[in-house]
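# Starting from these lines, generate the structure:
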Amino acid sequence: MDNLREEFVTNPPLAGAYTPKKNDLCAAKFVDDQWYRAKVEKMGVNDVQVLYIDYGNRASVPKTKLGSLPATFQTPGGYAKPYSLALTMLPPDEDLTAQGVAGLKEDMLDKTVKLNVEYKTGGESFVTAHIGDEDIGKGLVDDGLLMVDKKGGRKLAKLLKEYEDAMARAKKNHLNIWQYGDITQDDAREFGAQVKPAR
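Got it, this is the predicted structure:
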């Protein structure tokens with residue numbers, strides 16, 4: 001990383017001289033006005049969606065703030081690796097999703113976290129995250145901030161049961177996303193469910 005930073009300081013990419021293509025590795029300026037390695041994910045008319053491969057964050061960057069990445073920095077691959085929390089999912093409502101993300105940030109940012117890969121699906125790794133003996137995902141389910149996603153197969157049956165029990169407790173105590181009841185059961189008339197006619 002030091003060599004990369006030094007290269008960008010001594011020979012900065014020529015902004016605007018680069019024509020981005022989807023999946024290209026390039027140099028992209030971040031909000032701090034520094035150059036970083038990025039992968040082009042989506043093309044727009046004036047902006048490009050990029051993934052900063054060494055840090056894992058995404059941004060929309062004007063095409064004028066992109067440059068060619070020197071060949072020596074095309075490899076190694078990015079230092080940031082994407083992971084998803086196993087057996088959890090965010091609630092469908094945007095406001096409730098924001099609560100879940102805030103809880104996850106509070107529990108994990110700037111902390112040393114142990115990850116255990118539980119299963120992989122389509123190249124995506126699903127992990128349980130631990131600080132000491134505490135399972136962060138299960139804790140967020142128990143706090144009513146995340147929902148259980150029933151995946152993982154028989155190998156994870158015991159862990160899935162623990163997560164489901166945590167979600168049942170959160171529902172029973174009407175915590176956070178369960179404050180007004182079961183958000184997975186939108187079968188009331190006011191939600192547009194079909195009412196079966198009486199016979």
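# Give me the helices and strands touching whichever helix or strand Gln49 is part of, please.
Using DSSP states H and E, Gln49 maps to strand 47-52. For strand 47-52, the packing partners by 3 or more CB pairs under 8 Å, 6 or more residues apart in numbering; DSSP states H and E come out as strand 25-29, strand 35-43, strand 58-62. Yep, even glycine has a C-beta here, placed from its N, CA and C like the rest.
# Just want the angle from it to strand 25-29.
100 degrees (axes from the mean of the first three to the mean of the last three CA atoms, to 10 degrees).
# count of residues packed around the residue lying closest to Lys39 once chain neighbours are set aside?
Distances taken as CB to CB, 6 or more residues apart in numbering put Leu51 closest to Lys39, at 4.8 Å, once the chain neighbours are dropped. Neighbourhood size, Leu51 [other CB atoms under 10 Å]: 20.
# How about Arg169: what's its closest non-neighbour residue?
Nearest to Arg169 is Asp142, by CB to CB, 6+ apart, at 6.2 Å.
# Help me confirm that Thr184 is found in a helix?
No - Thr184: not assigned to a helix; according to DSSP: H, G, I helix; E, B strand; the rest coil it is coil.
# The lowest-mean-pLDDT helix or strand in the chain vs strand 35-43, what angle?
Ranked by mean pLDDT, DSSP states H and E, the weakest helix or strand in the chain is helix 2-10, scoring a mean of 78. For helix 2-10 against strand 35-43, the angle by the same axes, to 10 degrees is 90 degrees.
# Please export the alpha-carbon coordinates of helix 2-10; PDB is fine.
Coordinates of the C-alpha atoms in helix 2-10 are reproduced here as PDB (Å, rounded to 0.1, in the frame of the first residue of the first chain):
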ATOM      1  CA  ASP A   2       2.900   2.400   0.700                       C
ATOM      2  CA  ASN A   3       4.300   1.800  -2.700                       C
ATOM      3  CA  LEU A   4       0.900   2.600  -4.200                       C
ATOM      4  CA  ARG A   5       0.500   5.800  -2.200                       C
ATOM      5  CA  GLU A   6       4.000   6.800  -3.200                       C
ATOM      6  CA  GLU A   7       3.300   6.200  -6.900                       C
ATOM      7  CA  PHE A   8       0.100   8.200  -6.800                       C
ATOM      8  CA  VAL A   9       2.000  11.100  -5.100                       C
ATOM      9  CA  THR A  10       5.000  11.100  -7.500                       C
END
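# Identify each buried residue in that helix, please.
Within helix 2-10, the residues that qualify as buried are Leu4, Glu7, Phe8, counting by 16 or more other CB atoms under 10 Å.
# Ok, stretch 75-88 next?
Those would be Gly78, Leu85, Ala86, Leu87, Thr88, for stretch 75-88 by 16+ other CB under 10 Å.
# quick check, nearest of these to Gly100?
Thr88 (8.6 Å; CB to CB).
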